[in-house]
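>>> Everything below, folded, please.
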Amino acid sequence: METDRERGEYIDPEAGKVRFEEVAGRWLASRVVDPSSLIKYESALRLHVNPVFGRRQLRAIKPSEIAGWVAELDARFGSSTARTAFLVLHGSLDLAVDDETIKKNPAKARVVKVPAEKSGRIVAWGDDVVLRIVAAHPPEYRPIASVGAACGLRQRELFGLAEEDIDFEAKVIHVRRQIKKLGREFVFALPKNDTERTVPMSDGAALVLKEHIEAHRPRPYTLPWEKVDGEPRTVSLLFRWTDDKHIRARTYDELVWKPALFAAGVIQEPKVDRRGRRQYVSSRENGMHALRHYFASITLADGVNIKELAEYLGHGDPGFTLRLYTHMLPSSHERARKAVDNRLAAIFSLKSHGAGTERAAVRSPLPRGSRTAAHTQTNFK
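Now for the predicted structure:
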């Protein structure tokens, strides 16, 4: 303790008696993040972190306990939940270190292993599967799936698409907003990564949208911007639900998307519960995000490069796009063969590659000291 004082590293042991939940509350209040992230952190703290560490004194929390807790969360709830809960715990303990309540963050110990984000190799649907899924949609919602496959928009971006976002003359779609759920409320918000983007629109996609606009004339719709109490924004929303409000992702998934998957033969027949409701068994791989993977696969196959695709999909880092879809890139073997043959044709036509002249020269070398530059050049030719 005396040495720590001399080094300016002394921390009062009594400070470590503070309970974790007090520091975690301060950490949560200090976050400068979007409202949906704040809700996610609050939920992780309430459901997974505080029940285990909330009443504990900071100085009593051991790395081995954290390691076991993370492993249990991973086994019970999956890597995503474990990673979010660990982020909250780790951040709160970092705050305690910065406030000189404890000397070290036990979550940084080598024994604590955070589960890696599980991501298998993406397999894109074929054209026939996408066609069956789109055809199985009710006519008024069919453009949602069509544009998803043709332009690669996220589900919430499709639901937030407005008439003024479509530029038929330039043949592009301006992705300017999404419909985001904050608790029980909904808001308009910037697309993921807080970045607007422009996506090319094919002639077919343009025709689908024109027909939809003519059949279901878009009308003004208002939601708060970014926050529940944010400034109201009004746009001419393209897609509405049967109650004339915006489309909710869960409702669409259960009543439109999953029945279409079943009709297309992608998932099995649903079970019926005691109240007569259909219970579809689906997986994350069969969500609407699969249409983005399909869009990536067909554009890469026709020569769109990774940087362009990253811009169309709204990825902040083209490296992420490359890691995600590198196995979908078309083989360059044949292009490489043609490129080499075209540029090196003169070399490959040299006689020494076929007539055996060079081998004869090796068998009958000139006497030592008699080899000249002229002889060497002649023999090489």
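
>>> Can you pull up the most central residue in the protein?
residue 315 (7.3 Å; CA atoms, centre = their mean).

>>> quick one: low-confidence parts of the stretch 1-150 of the chain?
Along the stretch 1-150 of the chain, segments meeting pLDDT under 70 span 1, 3-16, 118-120.

>>> the helices in it, which residues?
2-7, 20-29, 35-44, 50-53, 63-77, 79-98, 127-135, 142-151 (DSSP state H, counting those that start in this stretch).

>>> For stretch 326-345, what is the distance to the chain centroid?
30 Å (CA atoms, centre = their mean, to the nearest Å).

>>> Which residues does it contact?
Contact partners of stretch 326-345, identified using CB atoms under 8 Å, 6 or more residues apart in numbering, comprise 121, 122, 124, 296, 297, 300, 301, 306, 348. Every residue, glycine included, has its C-beta placed from N, CA and C.

>>> count of residues packed around the closest residue to the first one other than its chain neighbours?
So the one you mean is residue 121. Excluding the flanking residues, the one nearest residue 121 by CB to CB, 6 or more residues apart in numbering is residue 327, at 6.1 Å. Residue 327 has 11 neighbouring residues, counting by other CB atoms under 10 Å.

>>> Let me know the pLDDT of the residue nearest to the centre of the chain.
Residue 315 carries a pLDDT score of 92 in this model.

>>> The one 5 residues further on too?
As predicted, residue 320 sits at a pLDDT of 86.

>>> What number of residues are in the vicinity of it?
When neighbours are defined as other CB under 10 Å, residue 320 has 13 of them.

>>> so it sits right up against residue 309, yeah?
No - here residue 320 does not reach residue 309: they are 11.0 Å apart, not a contact under CB atoms under 8 Å.

>>> how close does the residue nearest to the centre of the chain get to residue 233?
Note on residue 315: its distance to residue 233, by CB to CB, to the nearest Å, is 25 Å.

>>> For the nearest residue to residue 27 once chain neighbours are set aside, give its distance to residue 330.
Excluding the flanking residues, the one nearest residue 27 by CB to CB, 6+ apart is residue 92, at 4.3 Å. Going from residue 92 to residue 330 by CB to CB gives 48 Å.

>>> Compare the two (neighbour count), which wins?
Neighbour totals were compared for residue 92 and residue 330, and residue 92 leads with 24 against 11 (other CB under 10 Å).

>>> May I have the residues that are in contact with that one?
Under the criterion of CB under 8 Å, 6+ apart, the neighbours of residue 92 are 20, 23, 24, 27, 49.

>>> so what's the first one up against?
What it means is residue 20. 50, 53, 54, 55, 56, 57, 58, 61, 92.

>>> my guess is residue 226 meets residue 33, correct?
No - in terms of CB under 8 Å, residue 226 does not count as a neighbour of residue 33; the distance is 11.8 Å.

>>> Just want to know which of the two has more residues nearby.
Neighbour count, other CB under 10 Å: between residue 226 and residue 33, residue 226 has more, with 19 against 10.

>>> and the nearest residue to the more buried one once chain neighbours are set aside, backbone torsions?
Excluding the flanking residues, the one nearest residue 226 by CB to CB, 6+ apart is residue 189, at 5.1 Å. Its backbone dihedrals place residue 189 at phi -150, psi 160, with angles given as degrees, to the nearest 10.

>>> Phi and psi next, for the residue nearest to residue 279 when sequence neighbours are not counted.
Leaving aside its sequence neighbours, residue 279 sits nearest to residue 271 (CB to CB, 6+ apart; 4.8 Å). Backbone torsions of residue 271, given as degrees, to the nearest 10, read phi -90, psi 160.

>>> what number of residues lie near residue 271?
Residues lying near residue 271 (other CB under 10 Å) number 10.

>>> quick one: the nearest residue to residue 144 once chain neighbours are set aside and residue 147, what's the gap?
Nearest residue to residue 144, sequence neighbours excluded (CB to CB, 6+ apart): residue 158, at 5.3 Å. Using CB to CB, residue 158 is found at 6 Å from residue 147.

>>> Compare these two and say which is more crowded by neighbours.
Shown here are residue 158 and residue 147; by other CB under 10 Å, residue 147 has more neighbours (28 against 24).

>>> measure the closest residue to that one other than its chain neighbours to residue 166 for me?
Nearest residue to residue 147 in three dimensions, chain neighbours excluded: residue 205, at 5.8 Å (CB to CB, 6+ apart). Using CB to CB, residue 205 is found at 10 Å from residue 166.

>>> Now do the same for residue 262: its pLDDT.
95.

>>> what do you get for the one 5 residues further on?
According to the model's per-residue confidence, residue 267 sits at a pLDDT of 91.

>>> Can you give me the neighbour number for the closest residue to it other than its chain neighbours?
Distance criterion CB to CB, 6+ apart; nearest residue to residue 267, sequence neighbours excluded, is residue 261 at 4.7 Å. Close neighbours of residue 261, defined as other CB under 10 Å, add up to 22.

>>> what's the answer for residue 298, then?
16.

>>> and it, what is it in contact with?
Contacts here follow CB under 8 Å, 6+ apart; on that basis residue 298 touches residue 127.

>>> Helix or strand: which one has it?
Take DSSP states H and E as the rule and residue 298 turns out to sit in helix 289-301.
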